[in-house]
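Student: my questions concern the predicted model and sequence given below.
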Amino acid sequence: MALLKYLEVETHPNPVASVIWLHGLGANGHDFEPIVPELRLPTGVRFIFPHAPNKTITVNGGMVMPAWYDIISIDIERTIDTQQIQESTQAINELIEQEIERGIPSDSIFIAGFSQGGAVAYETALSYPKPLGGLIALSTYFATKKTISIHESNQHLPIFIGHGVTDNVVAEILGRQAEQELIDLGFDPQYHNYPIPHSVCMEEINDISAWLQKHLPKKK
């Protein structure tokens, strides 16, 4: 499989950690690029913003757009193409391996995702066979909760969940369900909600920054 195309941004030279951040349906890697300076991280961090390949989206009338997987039905549980979510997970795994080869320890690599990208972030981070630094799941849902094989390396993974209370694309109840499902699996997710629709806000960015700084490697 060819490596995904991506945008790369570093906060400081000689980064000591990496964040692989997955965009939502119909967007691209540039979508969250502006968030990097807003995080105001004191440590050198490399942000990788991959571009999803184009896929046919059933619920959008067969329209072709950047997507991590096809959504077949938009009911509360959502019916998705599970093979495609596995393929996207494998593609993100290859980006993780690349970061390890570039000298970033696996436990200093974070997986973040918004909406559809968050669903892939859940699958990727929880099933990855080496310890990761953490998971950031924004305005999303735990799409593979019934099928995921959680790897023992990430059974205690730090998890940040953020969701808008007026989200009319991915209802907040799905974020709450993900929180409870993770608790049932033995995780201790940190849940935050905000008075926003399907988007992010400055308060959320500040909370993500504080959470990241808590879990990033300390300066030597």
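Tutor: Thanks, I have it. Every value quoted in this text rests on a predicted model; they were computed, and no experiment measured them.
Student: elements contacting the helix or strand of the chain with the lowest mean pLDDT?
Tutor: Lowest by mean pLDDT, DSSP states H and E among the helices and strands of the chain is strand 79-80, with a mean of 86. Applying 3 or more Cβ pairs under 8 Å, 6 or more residues apart in numbering; DSSP states H and E, we find strand 79-80 packed against strand 71-73. Where C-beta positions appear, they are placed from N, C-alpha and C, glycine not excepted.
Student: return the distance of the strand it packs on from the chain's centre.
Tutor: 20 Å (Cα atoms, centre = their mean, to the nearest Å).
Student: and if you look at stretch 141-159?
Tutor: Centre-to-centre, stretch 141-159 and its host chain are 12 Å apart (Cα atoms, centre = their mean).
Student: show me the contact partners of it.
Tutor: Contacting residues not belonging to stretch 141-159 are listed as 78, 80, 82, 85, 118-119, 122-123, 125-137, 170, 174-175, 177-178, 181-182, 185-190, 211, 215 [Cβ atoms under 8 Å, 6 or more residues apart in numbering].
Student: now the buried members of these.
Tutor: 78, 80, 85, 118-119, 122-123, 125-128, 131-137, 170, 174-175, 177-178, 181-182, 187, 189, 211 (16 or more other Cβ atoms under 10 Å).
Student: so of the residues you listed, which ones are in strands?
Tutor: 80, 134-137 (DSSP state E).
Student: pick out the lowest-pLDDT one from the residues you listed.
Tutor: Taken together, these show their lowest pLDDT at residue 80, with 88.
Student: list the contacts of it.
Tutor: Counting by Cβ under 8 Å, 6+ apart, residue 80 has contacts 69-72, 119, 143.
Student: adding pLDDT and distance to residue 98, write those out as a markdown table.
Tutor: Below are the contacts of residue 80 laid out as a markdown table (pLDDT from 0 to 100; distance: Cβ to Cβ, whole Å):
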| residue | pLDDT | distance to residue 98 |
| --- | --- | --- |
| 69 | 96 | 22 |
| 70 | 95 | 26 |
| 71 | 93 | 28 |
| 72 | 91 | 31 |
| 119 | 97 | 22 |
| 143 | 94 | 25 |
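Student: and those residues, which two are the farthest apart?
Tutor: Spanning the widest gap among the contacts of residue 80 are 72 and 119, at 13.6 Å by Cβ to Cβ.
Student: mind checking the end-to-end distance for stretch 188-202?
Tutor: Start-to-end span of stretch 188-202 (Cα to Cα, to the nearest Å) is 24 Å.
Student: equivalent analysis for stretch 22-32, please.
Tutor: Stretch 22-32 stretches 9 Å from its first residue to its last (Cα to Cα).
Student: so which bits of it are buried?
Tutor: For stretch 22-32, burial by neighbour count (16+ other Cβ under 10 Å) applies to 22-25, 27-29, 31-32.
Student: relative to residue 16, which of those is nearest.
Tutor: Closest to residue 16, out of all of these and judged by Cβ to Cβ, is residue 32, at 20.7 Å.
Student: would you tell me which helix is longest in the protein?
Tutor: Counting by DSSP state H, the longest helix found in the chain is helix 82-101.
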